[in-house]
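[1] Sequence first, predicted coordinates after that:
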Amino acid sequence: MEAQGKRELVVKGKFEKLWVRVNNNCIVNKHQFSYSMDGIRFVNVKDAFPMRAGYWKGIRVGLFCYGKNGKASFDNFTQKVLQ
């Protein structure tokens with residue numbers, strides 16, 4: 001996870017399957033990252049956080065792999081707007 005220019009390892013390892021999720025509540029400005037090993041039970045990554053003014057230009061959701069030898073393969077990407 002990266003916040004305020006600092007990166008922090010959340011879970012280290014090799015995973016056959018890993019689900020990642022971000023819930024963006026723009027009405028109350030609270031955003032929460034989470035992950036799951038089974039697609040059912042999600043674990044929150046740190047606390048929900050607000051987006052702040054500055055360089056930020058809006059919510060852009062994407063999947064990235066950082067590192068010199070890092071690799072990631074994604075089978076599916078779904079974005080839902082919940083009303």
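    Nice, I can see it.

[2] Any idea which helix or strand in this protein has the lowest mean pLDDT?
    strand 2-3 (a mean of 72; mean pLDDT, DSSP states H and E).

[3] I'd like the next helix or strand past that strand.
    strand 6-7 (DSSP states H and E).

[4] Check which element follows that following strand along the chain.
    That would be, after strand 6-7 and using DSSP H and E, strand 19-25.

[5] Check which residues of the helix or strand just after that next one are buried.
    Of the helices and strands lying after strand 19-25 in sequence (DSSP H and E), the nearest is strand 30-36. For strand 30-36, burial by neighbour count (16 or more other CB atoms under 10 Å) applies to 32-35. (Glycine included, C-beta is placed from N, CA and C.)

[6] Repeat that for stretch 61-73.
    Result for stretch 61-73 [16+ other CB under 10 Å]: no buried residues.

[7] hang on, the earlier thing: could the buried residues of strand 30-36 go into a markdown table alongside pLDDT?
    Shown next, in a markdown table, are the buried residues of strand 30-36 (pLDDT from 0 to 100):
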| residue | pLDDT |
| --- | --- |
| Q32 | 90 |
| F33 | 89 |
| S34 | 92 |
| Y35 | 92 |
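
[8] Next, format those as a markdown table and append distance to F49.
    Formatted as a markdown table, the buried residues of strand 30-36 follow (distance: CB to CB, whole Å):
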| residue | distance to F49 |
| --- | --- |
| Q32 | 8 |
| F33 | 9 |
| S34 | 13 |
| Y35 | 16 |
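
[9] Pick the one among the residues you listed closest to N44.
    For these, the minimum distance to N44 (CB to CB) is 4.9 Å, reached by S34.

[10] Look up the closest residue to the closest one, ignoring the ones flanking it.
    The shortest distance from S34 to any non-neighbouring residue, by CB to CB, 6 or more residues apart in numbering, is to F42 (4.1 Å).

[11] can you count the residues close to that neighbour?
    When neighbours are counted by other CB atoms under 10 Å, F42 registers 17.

[12] hang on, it packs against S36?
    Yes: at 4.5 Å, F42 and S36 qualify as touching, with contact defined as CB atoms under 8 Å.
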